[in-house]
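Visitor: only geometry, no sequence info:
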């Protein structure tokens with residue numbers, strides 16, 4: 001409880017108001033005991049029982065206040081501080097409890113705040129002789145847990161997890177589709193908070209946020225909101241999930257679909273976007289989002305058909321134009337059992353991860369590196385904004401004609417046939433397509449050094465080494481769910497795996513590493 005009061009005192013100092021001003025700005029409507037009693041109610045009760053529980057809690061909080069006051073009186077005598085009673089009395093203490101109960105917002109810097117990187121790969125001495133014999137220098141095993149993650153931020157920057165109390169919270173309405181959220185800045189000894197708008201807002205639109213977990217279903221959210229605020233939420237998400245569709249506008253559905261995509265609820269997003277497409281089949285933004293959701297649902301052929309249909313409607317749409325251009329420029333590979341070349345390989349995990357060992361593409365690789373660097377200088381630098389969730393320093397192959405023609409040849413004759421031969425796929429005549437392909441640059445001296453663990457948007461992913469391992473230290477692709485194996489192909493070799501496997505790019509410790517990454521998918525042909 002002392003920590004709670006200290007946190008409130010900190011907030012008071014930052015907003016230049018005393019405890020009286022703080023509670024006046026919050027305007028508490030219910031006492032803490034009433035709020036706490038309501039939180040304990042899990043079933044209908046008689047009013048007399050509720051009042052009896054409120055009275056019990058009043059007695060408990062009075063006892064707590066007396067113990068707390070005695071403690072601070074002793075501290076004040078010892079440290080010659082201002083008597084605690086001149087700052088907070090019993091009434092203000094109860095009002096502060098009610099304020100925290102209703103308006104405290106959980107905040108944390110534990111996820112996604114710091115710029116994490118992986119340590120240099122460590123080859124364990126416990127690798128058995130069999131692994132050494134078969135995997136040589138291209139594959140290593142390492143301990144891969146939280147101890148192997150370090151931060152580039154200064155060591156004196158701490159992580160925080162707790163509750164934030166601010167008078168401005170009373171200006172935010174509740175919504176399960178919030179348009180704003182709290183963001184914490186930890187670049188100082190005492191963390192500072194701010195408010196971030198999550199989407200474009202209309203003039204005069206009400207600010208709203210949430211203090212309950214949005215992962216809860218409608219029934220759990222209703223119960224949590226009722227206990228916390230004593231209201232029934234009528235936000236667009238709650239209305240949609242109650243099947244009160246007449247209360248959800250077309251714009252509301254856009255917001256719901258965007259939130260569902262961000263939270264990984266792709267099935268719900270697909271239903272929402274499908275309904276919007278039925279209402280307006282000419283909205284290019286909605287059609288693009290619909291195609292992206294279909295990709296996440298594994299419906300690759302349909303997704304690309306949607307992209308093509310949407311591009312015919314609006315050829316000026318940036319992302320649609322980019323995707324249609326890729327579909328037109330990248331060649332596909334049709335399965336042909338007589339076409340596949342003999343390529344030596346190692347099966348790291350059957351039907352999941354394969355590594356080639358014949359360096360069959362080495363003749364192209366060094367030329368591709370030089371052409372990529374030349375193209376990047378002509379474009380003003382490497383691209384770092386194409387991928388939102390896991391950004392890479394890259395150059396799309398379809399934007400470099402000098403690489404594209406040779407890539408298409410290599411894909412048709414070597415890469416595509418190898419993948420179709422190794423992985424189990426649908427029976428019958430199928431074709432392998434490129435969803436995206438790009439040259440990635442890891443530069444220890446002045447660029448990107450690593451890539452966090454993630455999954456890819458494809459059915460199969462490929463990493464082709466463009467330069468030799470001797471030109472850089474560290475690096476490699478790690479697979480945490482497959483015994484933390486680290487794979488470093490030689491120049492001209494590639495590792496191919498199912499895109500759903502979690503993987504990451506290990507931190508390089510010197511030099512420059514170049515690779516080609518490709519996301520691929522299969523289409524059944526009739």
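Guide: Structure's in. What do you need? Only a predicted model underlies this, so the values are computations on that prediction, with no experimental measurement involved.

Visitor: From the recorded domain assignment, give the ranges for the protein.
Guide: The chain breaks down by automatic domain parsing into domains covering 2-103, 249-321, 333-524.

Visitor: Look up how far residue 457 lies from the most centrally placed residue in the chain.
Guide: The residue at the geometric middle of the chain, judged as the C-alpha nearest the mean C-alpha position with CA atoms, centre = their mean, is residue 389 (5.8 Å). Between residue 389 and residue 457 the distance, using CB to CB, to the nearest Å, works out to 9 Å. Just so you know, the C-beta spots here come from the backbone N, C-alpha and C atoms, and that holds for glycine as well.

Visitor: Could you do residue 288 as well?
Guide: For residue 288, the distance to residue 457 under the criterion CB to CB works out to 14 Å.

Visitor: Looking at those two, which has the bigger crowd around it?
Guide: Higher neighbour count among residue 288 and residue 457: residue 288, with 21 against 17, using other CB atoms under 10 Å.

Visitor: Sheet partners, orientation included, of the one helix or strand residue 521 maps to?
Guide: In this structure, residue 521 is located in strand 508-524 according to DSSP states H and E. According to DSSP bridges, strand 508-524 has the following sheet partners: strand 430-443 (antiparallel), strand 460-465 (antiparallel), strand 472-474 (antiparallel).

Visitor: Show me the contact partners of whichever helix or strand comes after the first one.
Guide: Read in the C-terminal direction, the helix or strand following strand 430-443 is strand 451-454, with elements assigned using DSSP H and E. Contact with strand 451-454 is made by 116, 389-390, 392, 478, 480, 502-505, as judged by CB atoms under 8 Å, 6 or more residues apart in numbering.

Visitor: Figure out the helix or strand that residue 98 lives in.
Guide: helix 90-103.

Visitor: List the buried residues of stretch 228-243.
Guide: The neighbour-count check on stretch 228-243 (16 or more other CB atoms under 10 Å) flags 228-229, 233, 235-242 as buried.

Visitor: Kindly report the same for stretch 375-390.
Guide: Counting neighbours by 16+ other CB under 10 Å, one finds that the buried residues in stretch 375-390 are 375-376, 382-383, 387.

Visitor: Looking at these, which one is closest to residue 257?
Guide: Closest approach to residue 257 among the buried residues of stretch 375-390 (CB to CB): residue 387, at 20.7 Å.

Visitor: isn't there a strand covering the closest one?
Guide: No - counting by DSSP: H, G, I helix; E, B strand; the rest coil, residue 387 falls outside a strand, being coil.

Visitor: Which residue, neighbours along the chain excluded, lies closest to it?
Guide: Nearest-residue entry for residue 387: residue 394, 7.9 Å, with adjacent residues in sequence omitted and distances by CB to CB, 6 or more residues apart in numbering.

Visitor: And the one you found, how far from residue 323?
Guide: If you go by CB to CB, the gap between residue 394 and residue 323 works out to 16 Å.

Visitor: From the rest of the structure, what touches the host helix or strand of residue 495?
Guide: Secondary-structure element containing residue 495, defined by DSSP H and E: strand 494-498. The contact list for strand 494-498 (CB under 8 Å, 6+ apart) reads 348-349, 351-356, 361, 415, 418-419, 422-423, 459-465, 477, 479, 487, 489, 503, 516.

Visitor: in the helix holding residue 98, what's buried?
Guide: Applying a neighbour-count criterion of 16+ other CB under 10 Å, one finds 92-103 buried in helix 90-103.

Visitor: roughly how far out does the strand holding residue 521 sit from the chain middle?
Guide: Relative to its chain's centre, strand 508-524 lies at 20 Å (CA atoms, centre = their mean, to the nearest Å).

Visitor: what's the angle between the longest helix seen in the chain and helix 90-103?
Guide: Among the elements of the chain assigned as helix by DSSP state H, the one spanning the most residues is helix 47-79. What separates the directions of helix 47-79 and helix 90-103 is an angle of 120 degrees, with axes from the mean of the first three to the mean of the last three CA atoms, to 10 degrees.

Visitor: Show me what helix 47-79 is packed against.
Guide: For helix 47-79, the contact count by 3 or more CB pairs under 8 Å, 6 or more residues apart in numbering; DSSP states H and E identifies helix 2-14, helix 32-40, helix 90-103 as packing neighbours.

Visitor: make it 7 Å
Guide: Helix 47-79 makes packing contacts with helix 32-40, helix 90-103 when contacts are defined by 3 or more CB pairs under 7 Å, 6 or more residues apart in numbering; DSSP states H and E.

Visitor: what residue ranges in the stretch 251-400 of the chain are flagged as low confidence?
Guide: Scanning the stretch 251-400 of the chain with the threshold set as pLDDT under 70 gives 335-341.
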